[in-house]
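Chemist: Provided below for reference: sequence and predicted model.
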Number of protein chains: 2
Amino acid sequence: MASEPRAASAPKDRTTFREVMAEIRHRITEGSWGPGTLLPAEVALAREFGCTRTTINRALREISDLGILDRRRKAGTRVRLAPRREARFEMPIVRAEIEKAGATYSYTRLSHDILTAPDWLCERLRLPDDAQVVHLICLHRANGAPFQLEDRWINLAALPEAGAEAFVLVGPNEWLVATVPYSEVEISFQAEAADALAAAHLGHPSGAPVFVAERTTWWKGAPITHVRLCYRPGHRMTTHY
Amino acid sequence: MASEPRAASAPKDRTTFREVMAEIRHRITEGSWGPGTLLPAEVALAREFGCTRTTINRALREISDLGILDRRRKAGTRVRLAPRREARFEMPIVRAEIEKAGATYSYTRLSHDILTAPDWLCERLRLPDDAQVVHLICLHRANGAPFQLEDRWINLAALPEAGAEAFVLVGPNEWLVATVPYSEVEISFQAEAADALAAAHLGHPSGAPVFVAERTTWWKGAPITHVRLCYRPGHRMTTHY
DNA sequence: AAGGATATTATGTCTACACATAAGGAGAAG
DNA sequence: CTTCTCCTTATGTGTAGACATAATATCCTT
């Protein structure tokens, strides 16, 4: 039940930083403040919007974080000449990605070995020559159809617990996320020709173009894991803003 | 070492939100606040750090923006179970990308037509059937070697000035950035087999895997341009954080 | 026990003010 | 004319306090 003591008391008309943001972004996209325009100083805007400079500051800071404004002390705030052109992709856990699309997720561990790291991996992760690693190959399916082939390497020296885990029920992806906290990451995307393994499991001809994401992860400076994710044919990585 | 009585000048003993951020992030990465941990409330942290709740709030908000913390009213702040996994790629203008790598940039316009938009483009940009568009094919080179093939479509109804431009000296990319302010964008990455055109200009065999970025842009709700960028063989899109 | 109103509480945000800091610009010195 | 100060100015950030809001927890009712 809505109690009505506010009727007489607080009209609640304060301008919020969101309103300021919206209005300023509007002025920019509408063209009245084109690229390069110097905006009024914060105090002036505060007067115009009828709020404090703090609120204006918050609004401008957030717009600036979006890459639309360029702010410098003394020089003032101006609309960026060239917007910061960046693409931002959410890379959720495969399971979440598949389930979000309304499909049923299933997982299969195809192989599991503990061995000495191959040379290319040592180089990539800056590991000693005799480093022991877990090597896994797993397939993630959406509604039974192959979705992603995961080729995962885990550094046992950094994460000895990984040696005791079989990764039969829980994929290494989810196991790692739950085990290792936040870490340093390097991600790269590329197009490659499908090798025999990918072709066999993802169901395209060998040599067909596959979208590949590679991710290397460190924790406290120590290399943890390197993974190569091959997507099924036709996969698109999309973002909108 | 306790609070050292500072000299008479006031060289700032105040705890900044950056210090708070650093310390909290440290506690998270160090493991003392593992995934799922509920952080002390802002007032408690303010007491601990010897600053106001405002400062703590700012720090926590920024960490939260990074996708590391999860904040809810009344429920409190907790370390996210699964970090928001996002990949952020800078997509500078090709010229900048090439010059940043220390190479010499050169540009060639391969073709230029004004025609009625093909069906697939009408669908993609939600254009009327008889929409007139500019169609360009351009090649961007780094040190003379093919780097990127640009296949660009511009909606003349939304941007009539484009009809008067020849795009011989300035690429459509740069021209557009200087002409159209901020806009809505959709970007997607994918792996494709090189068609005859891409193969011919980028110098790989037809059918080889190419990394393709597509970008569609709107301004004030109206479709402006659609571009398809095919990268030279071996191109990797990389990011680190 | 189930359901619904209400109290409690942690975060969200605004105001008002103060001082810090970077950097443009004017004026002085060479 | 050039270069170096120093002043001015716009943004950056901290303090203190108040009210707003969402969501959980509790208590009351049926």
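Modeler: Looks like it came in fine.
Chemist: all contacts plus neighbour counts: C-alpha atoms, from now on.
Modeler: Noted.
Chemist: Tell me which residue is most central in chain A.
Modeler: For chain A, A:Glu90 is the residue whose C-alpha lies nearest the centre (Cα atoms, centre = their mean; 4.0 Å).
Chemist: and the nearest residue to that residue once chain neighbours are set aside, how many neighbours?
Modeler: Distances taken as Cα to Cα, 6 or more residues apart in numbering or on different chains put B:Glu86 closest to A:Glu90, at 4.2 Å, once the chain neighbours are dropped. Close neighbours of B:Glu86, defined as other Cα atoms under 10 Å in any protein chain shown, add up to 15.
Chemist: Please report how far B:Glu86 lies from A:Gln148.
Modeler: B:Glu86 sits at a distance of 18 Å from A:Gln148 (criterion: Cα to Cα, to the nearest Å).
Chemist: show me the contacts for the residue nearest to the centre of chain A.
Modeler: Each residue near A:Glu90 by Cα atoms under 8 Å, 6 or more residues apart in numbering or on different chains is listed here: B:84-87.
Chemist: If we use 7 Å, what do you get?
Modeler: A:Glu90 is in contact with B:85-87, counting by Cα atoms under 7 Å, 6 or more residues apart in numbering or on different chains.
Chemist: Any buried residues in stretch A:23-38, and which?
Modeler: For stretch A:23-38, burial by neighbour count (16 or more other Cα atoms under 10 Å in any protein chain shown) applies to A:24-25, A:28-29, A:33-35, A:38.
Chemist: in chain A, what spans have low per-residue confidence?
Modeler: Across chain A, the ranges flagged by pLDDT under 70 are A:1-13.
Chemist: Could you rerun that using 80?
Modeler: Within chain A, the ranges that satisfy pLDDT under 80 run A:1-14, A:82-85, A:178, A:181-183, A:241.
Chemist: Which stretches in it count as strands?
Modeler: Along chain A, counting by DSSP state E, strands occupy A:69-72, A:76-79, A:86-90, A:105-116, A:132-142, A:145-155, A:184-193, A:209-219, A:222-231, A:236-240.
Chemist: The first one near chain B at all?
Modeler: No - when contact is scored as Cα under 7 Å from any Cα of the partner chain, no part of strand A:69-72 falls within range of chain B; the minimum is 10.7 Å.
Chemist: Now do that strand: which elements does it pack against?
Modeler: strand A:76-79 (3 or more Cα pairs under 7 Å, 6 or more residues apart in numbering or on different chains; DSSP states H and E).
Chemist: do the strand it packs on and DNA strand D meet at all?
Modeler: Yes - counting by Cα under 7 Å from any atom of the strand, DNA strand D is contacted by strand A:76-79 at A:76-77.
Chemist: For chain A, which residues are neighbours of chain B?
Modeler: Residues of chain A lying near chain B (Cα under 7 Å from any Cα): A:29, A:34-35, A:82-83, A:85-92, A:177-178, A:181-182, A:184-193, A:208-211, A:235-241.
Chemist: For DNA strand C, what is the nearest residue in chain A?
Modeler: Per Cα to the nearest atom of the strand, A:Thr16 is where chain A lies closest to DNA strand C, at 2.6 Å.
Chemist: What about that residue, how many residues nearby?
Modeler: Applying other Cα under 10 Å, we find 15 residues neighbouring A:Thr16.
Chemist: how close does the spatially closest residue to it that is not a sequence neighbour get to chain B?
Modeler: Excluding the flanking residues, the one nearest A:Thr16 by Cα to Cα, 6+ apart is A:Thr55, at 7.0 Å. Remark: distance between A:Thr55 and chain B (Cα to the nearest Cα, to the nearest Å) = 13 Å.
Chemist: same check, this time on A:Ser106
Modeler: 20 Å.
Chemist: In contact with the residue nearest to that residue when sequence neighbours are not counted, which residues?
Modeler: In this structure, A:Ser106 finds its nearest non-sequential neighbour in A:Arg141, 5.1 Å apart by Cα to Cα, 6+ apart. For A:Arg141, the contact set (Cα under 7 Å, 6+ apart) comprises A:105-107, A:147-148.
Chemist: what's the answer for A:Thr37, then?
Modeler: A:78-79.
Chemist: 10 Å instead, please
Modeler: A:28, A:69, A:77-81 (Cα atoms under 10 Å, 6 or more residues apart in numbering or on different chains).
Chemist: Need these in JSON lines (columns: distance to DNA strand C).
Modeler: As requested, the contacts of A:Thr37 are arranged in JSON lines below (distance: Cα to the nearest atom of the strand, whole Å):
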{"residue": "A:Ile28", "distance to DNA strand C": "20"}
{"residue": "A:Leu69", "distance to DNA strand C": "15"}
{"residue": "A:Thr77", "distance to DNA strand C": "11"}
{"residue": "A:Arg78", "distance to DNA strand C": "12"}
{"residue": "A:Val79", "distance to DNA strand C": "15"}
{"residue": "A:Arg80", "distance to DNA strand C": "15"}
{"residue": "A:Leu81", "distance to DNA strand C": "16"}
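Chemist: out of these, which is most surrounded?
Modeler: Highest neighbour count within those, by other Cα under 10 Å: A:Leu69, with 26 neighbours.
Chemist: Can you tell me the closest non-neighbouring residue to that residue?
Modeler: Nearest one to A:Leu69, counting by Cα to Cα, 6+ apart, is A:Val79 at 4.6 Å.
Chemist: isn't that neighbour right up against A:Pro40?
Modeler: No - using Cα atoms under 10 Å as the test, A:Val79 is too far from A:Pro40 to be in contact (11.3 Å).
Chemist: about what we covered before: nearest to B:Asp65 among the strands of chain A would be which one?
Modeler: Nearest to B:Asp65, of all the strands of chain A, is strand A:86-90, at 13.9 Å by Cα to Cα.
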